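Colleague: pasting a predicted model and its sequence here:
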Amino acid sequence: MRNRIVVWSLVAMAAVLTGCGDHFNALTPPLSGKLSLQQSPNIVPEGGTITFGIAHIEASPPGTSTDITWSSSNPSIASISPNGNGTATGVTPGETYIVAKLTAIPSVRDSVRLTVLAPVVVTVVANPHSVSLVEGATTQLASTVTSNTAGLNPAVVWSVSDTSVAKVSLGGLVTAVTAGSALAFVNSVAMPGVRDTVKITVTSFPQVRLISAPFAYDTLKVGQTQNLKLFTVVADSGVTTAYTCASTNTLFAIIDAHTCLLRAIAPSPQGGIQIIATTVGVNLKKGQLTASIGLVVLKP
């Protein structure tokens, strides 16, 4: 009889405790939450980094932590710190999924696809790599851009180290300003750190003088020829130049342009004619130089 009383007592106590447990569970709501990541295209080069944004996050009941744990479905493609700020690093070309989940509620999660690209390789080669110009002269520089990435912007921009020596347009047109040396740089627009250089050397205009004979005019009779040194070129050392000759009126005298051999044809009018020399073979700042001397053709 006593044993029966003990058993019934234990059963009654268990029933009471069970009822209390049901009441306790009713007072504690289950954990729940929502999490979504920004789904914009996610592409990163090998060795590069990308940070993922949170589009929406919530957790209940109030006070539940919204800390996130991060992971990569393939860490050999991209790695990410579990407790970091959502920044992944591209490891090798390929695709993986970056997974975010609420640390307090692991079943609440979202994921985005991440594509890791091979490193972008860009080369810029200038042509030519050196130019020599006389003050005021211009020349057009060129460049070639190559890349292992299709669709890369092939545009370049040019600049110069010293604008007092030379100016360079964005398109690579060089204008020599004054004697000296400078460097022109051509940079990739897509990857500004990739560039090539061109050495620019600017020289002063050569000093050239064209001197006529010391007399004001010469005389010849009809039929006579003459090859006198009517003009003299004086130039800087190393500057090669010459002059050509011409007659202002070939009815009275003709002259070979290169040998300057003069032949009298007919008596000249009053005041005579002019024999003109013009420099050739040298680039001069103010154009070619000229000098002249008078010629009077007499009757035989």
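Modeller: Structure received.

Colleague: for residue 155, see how far away the residue nearest the centre of the chain is.
Modeller: Central residue of the chain (CA atoms, centre = their mean): residue 187, 2.4 Å from the mean position. For residue 187, the distance to residue 155 (CB to CB, to the nearest Å) stands at 10 Å. In short, each C-beta sits where N, CA and C put it, glycine included.

Colleague: over to residue 191?
Modeller: The gap separating residue 191 from residue 155 is 11 Å, by CB to CB.

Colleague: residues in contact with stretch 178-194: which ones?
Modeller: Applying CB atoms under 8 Å, 6 or more residues apart in numbering, the set of residues contacting stretch 178-194 from outside is 120, 122-124, 126, 135, 141, 143, 145, 147, 152-162, 164-166, 168, 172, 174, 195-204.

Colleague: any buried residues in it, and which?
Modeller: 180, 182, 184-188, 190-191, 194 (16 or more other CB atoms under 10 Å).

Colleague: quick one: end-to-end distance for that stretch.
Modeller: End-to-end distance of stretch 178-194 (CA to CA, to the nearest Å): 29 Å.

Colleague: likewise stretch 103-110?
Modeller: 12 Å.

Colleague: buried ones in that stretch?
Modeller: Within stretch 103-110, the residues scored as buried using 16+ other CB under 10 Å are 105, 108-110.

Colleague: what are the pairing partners of the helix or strand hosting the residue nearest to the centre of the chain, and which direction each?
Modeller: Using DSSP states H and E, residue 187 falls within strand 180-188. Strand 180-188 pairs in its sheet with strand 156-160 (antiparallel), strand 195-203 (antiparallel), by DSSP bridges.

Colleague: which one of these lies closest to residue 221?
Modeller: Nearest of those to residue 221, taken as CB to CB: strand 195-203 at 47.5 Å.

Colleague: for this structure, which segments count as helices?
Modeller: Taking DSSP state H, the helices of the chain run over residues 2-27.

Colleague: lowest confidence element among the helices and strands of it?
Modeller: Least confident helix or strand, the chain: helix 2-27 with a mean of 46, by mean pLDDT, DSSP states H and E.

Colleague: so where's the chain shaky on pLDDT?
Modeller: Counting by pLDDT under 70, the chain shows low-confidence ranges at 1-27, 206-208, 210, 212-217, 228-230, 235-240, 281-287.

Colleague: rerun at 80
Modeller: The model of the chain has pLDDT under 80 over residues 1-29, 119-121, 149-152, 205-218, 227-242, 270-271, 281-289.

Colleague: what is the neighbour count of the residue nearest to residue 276 when sequence neighbours are not counted?
Modeller: Leaving aside its sequence neighbours, residue 276 sits nearest to residue 292 (CB to CB, 6 or more residues apart in numbering; 4.6 Å). Residues near residue 292, counting by other CB atoms under 10 Å, number 18.
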